[in-house]
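[1] Give the three-dimensional model of this entry:
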Amino acid sequence: FGRANYDYLNRYIISINARRDGFSALSKNHRWGNFGGVAAAWRISDESFFKPLKKNIDDLKIKASWGVVGNTGIADYASRSYYNSIYYGNNGAYAIGQIGDSNNLKWETSKKFDLGFSASLWGNIAIDFDYYNNTSSDLILNVPVAPSKGIPNDYITTNAGAMRNTGFELSVSADVIRKKNFTWTTSFNITTNSNEVTKLSNGLKEFISVGNSETTNITQVGKSIGQLYLYQTKGIDKNTGRRIFVGENGENVLVYYEKSNKFYLEDGTPYSQARLKRVVAGNTLPTWYGGWTNNFKINNFDLSLFFQFSGGNKIYNGSTATLSDVRFWNNSKDYAQNYWTPEHTNAKYALPVYGDNYSNGSALPITDWVENGDYIRLKNISLGYTFQNKSLLKNIGVSALRIYAQAQNLFVITGYSGLDPEVLSQTSSPNLLGG
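    Predicted coordinates for the structure are as follows:
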């Protein structure tokens, strides 16, 4: 590890660092990696030609950086193959726990370039702006494999391609009001992100990931990682009460679960499930997110509010599918009030047929349950009071005393109908199985 810094009059600043890291979770041939970076800044506001602007701009610094880092966010034994001890009846036994890429798993690296500025205006406003371009190569992902191979969990953790993230980061903070008995400070930040998979291993153009619930995702070159990949549907047929699937040529296909073939064209012709059309149904990564903090102080009282927001992504509402599959253990109030009847043809759910977990998205994930993931929530609120009576505090042996109450997640504003637009059920592979 090494670092060198140069600072001339706090006006011209350069920093260079380099390091060599080893990570035992990787294969024995690729455990070591070389990383480092360089950063530079120019405080342009200290230059003589900037003096006419000093009245409005107190400080202005142009900055840029480039660096290479490695990802250690993988399981401790990701490259290992091993057995687990199990019980088979009353007998102890061993079963394959994991098949690892023991010879080839290597560092996932990210090359990040940043360019931006920091500024201070009128003595009470601070602005930070950065453009970033982050290129990741040798992505470490849980790559799906055919179930017939007998590999636990049907995936291997390996290096699977490359992707790029670009966007900007903006933060603004200000002393809005500063008086003797009242102050208000605020801080706002927002980040945008555009994600694109630029390469997949072994010449693949795409691969499909299936989680432990209804969601199916697809990763394709040229698009965002882990997009929703669902069967295309068009709501409920008003005449029959059947869910409308879209066939391979755009034809309407209706679900008749109680019949032997399950899927039929509108004229009653049987239709093969294998011919149903699956489509890319939305990006699962937020394209913008951020927060807004406000701090108030009135005499001895203080109040803090923190809002969090995110959006630009799609969510598959798997709870809607699970709670409407017409089996005795899974039926919600929403389903009971919104299924098709001859009197209620503008329905959300299909005509009830016992055991029908196809019409409402449990057996086959459907596009009808895709929703926007945009939200804003009051993440945290805190109200406090600070005692200023020094003699009282001294008498009880306390130098300072503040009492406060705090609450989290008081409300969320969102169009998503599920429990929480921020919840992710597929935590084992959040990038490949988002939404």
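[2] hey, let's count contacts and neighbours off CA atoms from now on
    OK.
[3] Helices along the stretch 201-350 of the chain, start to end?
    Assigned by DSSP state H, counting those that start in this stretch, the stretch 201-350 of the chain shows helices spanning 318-322, 333-338.
[4] same question for the shortest one, mean pLDDT?
    The one in question is helix 318-322. In this model, helix 318-322 has a mean pLDDT of 88.
[5] In PDB, could you pull the C-alpha coordinates for that helix?
    Presented in PDB, the C-alpha positions along helix 318-322 are these (Å, rounded to 0.1, in the frame of the first residue of the first chain):
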ATOM      1  CA  GLY A 318     -45.600 -11.100  -6.500                       C
ATOM      2  CA  SER A 319     -47.800 -10.700  -3.400                       C
ATOM      3  CA  THR A 320     -50.800 -10.000  -5.700                       C
ATOM      4  CA  ALA A 321     -50.100 -13.200  -7.500                       C
ATOM      5  CA  THR A 322     -49.500 -15.300  -4.400                       C
END
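[6] Any idea how far that helix is from the middle of the chain?
    Distance of helix 318-322 from the chain centroid (Cα atoms, centre = their mean, to the nearest Å) equals 20 Å.
[7] what does the longest one give?
    Centroid displacement of helix 333-338 relative to its chain, using Cα atoms, centre = their mean, is 30 Å.
[8] Show residues contacting it.
    323, 324, 347, 348, 349 (Cα atoms under 8 Å, 6 or more residues apart in numbering).
[9] Quickly name whichever of those residues is closest to residue 264.
    residue 349 (18.2 Å; Cα to Cα).
[10] and that closest one, how many neighbours does it have?
    26 (other Cα atoms under 10 Å).
[11] before we move on, what about residue 93?
    Neighbour number of residue 93 under other Cα under 10 Å is 12.
[12] just residue 392 next, same as before
    12.
[13] who touches it in this structure?
    Applying Cα under 8 Å, 6+ apart, no residues contact residue 392.
[14] Quickly find the element holding it.
    helix 390-395 (DSSP states H and E).
[15] quick one: stretch 117-136 to chain centroid distance?
    That offset, for stretch 117-136, works out to 24 Å (Cα atoms, centre = their mean).
[16] Span of it from start to end?
    One end of stretch 117-136 sits 24 Å from the other (Cα to Cα, to the nearest Å).
[17] Report the buried residues of that stretch.
    117-121, 125-136 (16 or more other Cα atoms under 10 Å).
[18] So which of those residues belong to strands?
    117-121, 125-136 (DSSP state E).
[19] Give me the distance between the nearest residue to residue 281 once chain neighbours are set aside and residue 280.
    Closest residue in space to residue 281, ignoring its immediate chain neighbours: residue 228 at 5.1 Å, by Cα to Cα, 6 or more residues apart in numbering. Distance, residue 228 to residue 280, by Cα to Cα: 6 Å.
[20] The two: which has the busier surroundings?
    residue 228 (31 against 17).
[21] Look up how far residue 217 lies from the more buried one.
    For residue 228 relative to residue 217 (Cα to Cα), the value is 5 Å.
[22] cool, residue 7 as well?
    For residue 7 relative to residue 217 (Cα to Cα), the value is 49 Å.
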